[in-house]
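Novice: Here is my input; please provide its structure:
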Amino acid sequence: MSAATKEESIKPTRKILLLHGDRQTGELLLGRISSLKRKLLKPRKYETEDDIQLDSNYSIEIVAPDGPFPWKADPSIHTDSSERSSEEKKTENDMMRTWWYRTDDEHYGLDKTLNMLHELWNSKEGFEGVLGFSRGARLTHFIASVHAASNGQIFKNLKYVIIASGYGGVNMPTHFPPERFSEFCS
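Specialist: A predicted model of the protein is given here:
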């Protein structure tokens, strides 16, 4: 195979960062969005003046990391009336992850989460967008805010964010952006 043919067969990969909600994992969310994933992975059709073409010049990869912290139930909010044993509930809860712990406007661990995601973003070429659900949607908002405040220096090449089932009416965290990013933010 000639060098030109090899280059033509290598498709650039567009990566989407997928952020799960509270009490979830990246793998669980990937399973729940399998229909969307199939649609994203299909080659796209586009129209030209003469006809309809199939665009298969790139591939899409969805990267779904887990939150860095174990999920902890708050008995004042989380109740479980299911008939599962306490051991089953504990095993399931031990697998679940979260992005930070929150008390009022304090988001404990948010700086660690943003550092982790920024390192992931920079470690792989091709990231262009973020899709977040629930608490992951709130995190997506934080990523977009840091990106905008840094004039694109943080989370470089971010082209779009998709916020699904997010929540509003919540103040920005105190101490935002985290210290590591504040030097880049105007």
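
Novice: can you map out the helices along this structure?
Specialist: 3-9, 26-32, 34-41, 86-95, 110-123, 135-149, 179-182 (DSSP state H).

Novice: Against which helices or strands is the fifth one packed?
Specialist: It stands for helix 110-123. Counting contacts by 3 or more C-beta pairs under 8 Å, 6 or more residues apart in numbering; DSSP states H and E, helix 110-123 packs against strand 13-19, helix 135-149, helix 179-182. (Each C-beta comes from the backbone N, C-alpha and C, glycine too.)

Novice: TSV for those, including mean neighbour count?
Specialist: Formatted as TSV, the helices and strands packed on helix 110-123 follow (neighbours: other C-beta atoms under 10 Å):
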stretch	mean neighbour count
strand 13-19	21
helix 135-149	21
helix 179-182	14
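
Novice: Dump these into a markdown table; add distance to Ile33 and mean pLDDT as well.
Specialist: As requested, the helices and strands packed on helix 110-123 are exported to a markdown table (distance: least, C-beta to C-beta, whole Å; pLDDT from 0 to 100):
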| stretch | distance to Ile33 | mean pLDDT |
| --- | --- | --- |
| strand 13-19 | 8 | 92 |
| helix 135-149 | 12 | 95 |
| helix 179-182 | 29 | 77 |
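
Novice: Of all these, which one comes closest to Asp105?
Specialist: Closest to Asp105 of the helices and strands packed on helix 110-123, according to C-beta to C-beta: helix 135-149, at 12.8 Å.

Novice: Let me have the helices and strands packed on helix 110-123 in CSV, extended by distance to Val63.
Specialist: Shown next, in CSV, are the helices and strands packed on helix 110-123 (distance: least, C-beta to C-beta, whole Å):
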stretch, distance to Val63
strand 13-19, 6
helix 135-149, 13
helix 179-182, 21
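
Novice: surely Thr98 meets His20?
Specialist: No. Here Thr98 does not reach His20: they are 9.1 Å apart, not a contact under C-beta atoms under 8 Å.

Novice: Have a look at these two and say which one is more surrounded.
Specialist: Neighbours per residue, other C-beta atoms under 10 Å: of Thr98 and His20, the larger number sits with His20, 27 against 21.

Novice: which stretches of this protein have low pLDDT?
Specialist: By pLDDT under 70, the weakly predicted segments of the chain are 1-11, 43-49, 51-57, 74-93, 186.
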